[in-house]
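[1] Structure for the following, please:
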Amino acid sequence: MTTDEATLTADPTVPLGASEPAPADDRSERTDRTRPAWGRAVGAAGGAAVVVGLGTALVARVLMRLVADVVDAETGFSVVGTLGIAIVFSVLMVPAAAGGAIEARTRRAVVGLVGVLTTSVVLGWGTATTALVDLADHPLREGRELDLVALLLVGFGATVVVGAVTARRLARRWTLGRGGDEVSGRSLARR
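    Numbers count the residues shown, from 1 in each chain. Sure thing, here's the model as predicted:
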């Protein structure tokens with residue numbers, strides 16, 4: 001086919017000299033116009049880290065109180081101590097929240113998973129070692145007391161992991177806004 005014949009049979013909506021468009025996949029259709037802005041992602045990550053960090057810290061504080069009651073320890077809980085724990089939990093929720101926001105922006109699920117794992121390991125290790133150091137001053141009696149303390153320690157771990165997953169999901173949702181979850185293709189907004 002000559003150039004003149006190609007010009008005559010070409011699609012009039014395609015500019016001359018333009019090659020055939022590449023087959024569309026999920027990534028090629030996405031442009032910067034459809035991606036959430038980085039500012040929105042940063043704000044969503046920060047907000048999710050604070051909200052989830054505060055909630056997780058409050059649950060952890062209740063668990064601390066329950067452990068103290070089980071081992072008959074004197075409690076020295078204060079508002080300043082509770083605020084300190086809330087700040088630490090909020091700061092340590094940042095990797096999970098940032099992973100969720102970056103995941104929403106770049107469509108790379110592994111980023112969100114790495115954020116959740118980072119938060120879970122760092123915060124989980126910190127809470128477990130702190131609890132074990134505090135319990136070293138109180139010898140545990142075998143039986144029911146030991147079982148309750150073990151159950152509460154598992155509760156700390158579960159709280160941390162659930163908090164990290166929630167921070168990731170919340171940051172991803174806030175980054176995408178009302179448009180739905182572009183990562184999984186599901187709509188987040190219930191109409």
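
[2] Now do the buried residues in the helix or strand containing residue 55.
    In this structure, residue 55 sits in helix 38-70 according to DSSP states H and E. Within helix 38-70, the residues that count as buried by 16 or more other C-beta atoms under 10 Å are 40-42, 44-46, 48-57, 59-61, 63-64, 67-68, 70. All C-beta atoms are positioned from the backbone trio N, CA, C, and that covers glycine.

[3] And for stretch 150-164?
    Buried-residue list, stretch 150-164, by 16+ other C-beta under 10 Å: 152-153, 155-156, 159-161, 163-164.

[4] again, but for stretch 85-104
    So for stretch 85-104, counting by 16+ other C-beta under 10 Å, buried means 85-86, 88-90, 92-104.

[5] quick one: which of these sit in helices?
    Among those, the members found in helices (DSSP state H) are 85-86, 88-90, 92, 94-104.

[6] Check the most centrally placed residue in the chain and give its pLDDT.
    Computing the C-alpha centroid of the chain and ranking residues by C-alpha atoms, centre = their mean puts residue 168 first, at 1.7 Å. pLDDT, residue 168: 96.

[7] ditto for residue 186
    49.

[8] give the contact list for residue 67.
    73, 131, 134-135, 149, 152-153 (C-beta atoms under 8 Å, 6 or more residues apart in numbering).

[9] do you know how far it is from residue 78?
    17 Å (C-beta to C-beta, to the nearest Å).

[10] Could you do residue 86 as well?
    13 Å.

[11] Over to residue 151?
    Taking C-beta to C-beta, one finds residue 151 at 26 Å from residue 78.

[12] which residues are in contact with stretch 109-121?
    92-100, 102-103, 160-161, 163-165, 167-168, 172, 183.

[13] and if we set it to 6 Å?
    With C-beta atoms under 6 Å, 6 or more residues apart in numbering as the contact definition, stretch 109-121 has outside contacts at 92-93, 95-96, 98-100, 102-103, 160-161, 164-165, 168.
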